[in-house]
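> just to be clear, the model below is a prediction. Sequence and coordinates:
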Amino acid sequence: MNCQAETGYAPTSLQHGFPACGEDGPAYVEPMTHVVKVCFCPSCYVRGAARILNVITGILGTGAGEISENGSYTLETVKRLGGCRSGPVIVVDDEYHFDVTIQKVREIFRRSEE
């Protein structure tokens, strides 16, 4: 199965060694979804990144490395987003959110639905 050919996007978890990858890294086709990244570096993890990921998973109805059923969101776990002192960190469509709490996650996704 060529995930990128079928969906237009290859999640991070599928890129390494996947046919969608180019010599210079992933050969992205512009995703037709909102991309949500949750930092899982050690400092974000100990500050609650797993809880944040669980909340986002519940809101979106999809797991890490997957595209939501309605095709609106791609959820990824990544490392080293550059906010180690202000973790947990999430990025939604290139907008960084630092010191993320469960309440902040709910607010972020409530605003994105408006």
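Sure, I can see it.

> remind me which helix or strand the residue most central in space within the chain belongs to.
Nearest to the mean C-alpha position of the chain, by CA atoms, centre = their mean, lies residue 37 at 2.5 Å. Assigned by DSSP states H and E, residue 37 falls within strand 34-39.

> show me where this structure has strands.
Chain-ordered strands for the chain, with DSSP state E as the definition, fall at 21-22, 25-26, 34-39, 66-67, 73-78, 90-92, 95-97.

> give me the mean pLDDT for the third one.
By that I understand strand 34-39. Summarised as a single mean, pLDDT over strand 34-39 is 93.

> strands paired with that strand, and their directions?
Sheet pairing of strand 34-39 (DSSP bridges) gives strand 73-78 (parallel), strand 90-92 (antiparallel).

> about what we covered before: buried sites along the strand holding residue 37?
Under the neighbour-count criterion of 16 or more other CB atoms under 10 Å, strand 34-39 has 35-39 buried. In this view, the C-beta of every residue, glycine as well, is placed from N, C-alpha and C.

> please apply the same query to stretch 51-66.
52-53, 55-56, 59-60, 62, 64-66.

> kindly report the same for stretch 62-78.
So, applying 16+ other CB under 10 Å, buried residues of stretch 62-78: 62, 64-68, 73-78.

> how about stretch 85-101?
By neighbour count on 16+ other CB under 10 Å, the buried set for stretch 85-101 is 86-92, 97, 100.

> correct me, but residue 59 touches residue 106?
Yes. With contacts defined as CB atoms under 8 Å, residue 59 counts as touching residue 106 at a distance of 7.4 Å.

> all helices of this structure, in order?
Here the chain has its helices, by DSSP state H, at 3-7, 12-15, 42-46, 49-60, 102-113.

> what about these, which gets the closest to residue 82?
Within the helices of the chain, the stretch nearest residue 82 is helix 42-46; the backing value is 10.8 Å (CB to CB).

> where are the low-confidence patches of this structure?
In the prediction, the chain carries residues with pLDDT under 70 at positions 1-32, 113-114.

> change it to 50
Scanning the chain with the threshold set as pLDDT under 50 gives 1-2, 4, 15-25, 27-30.
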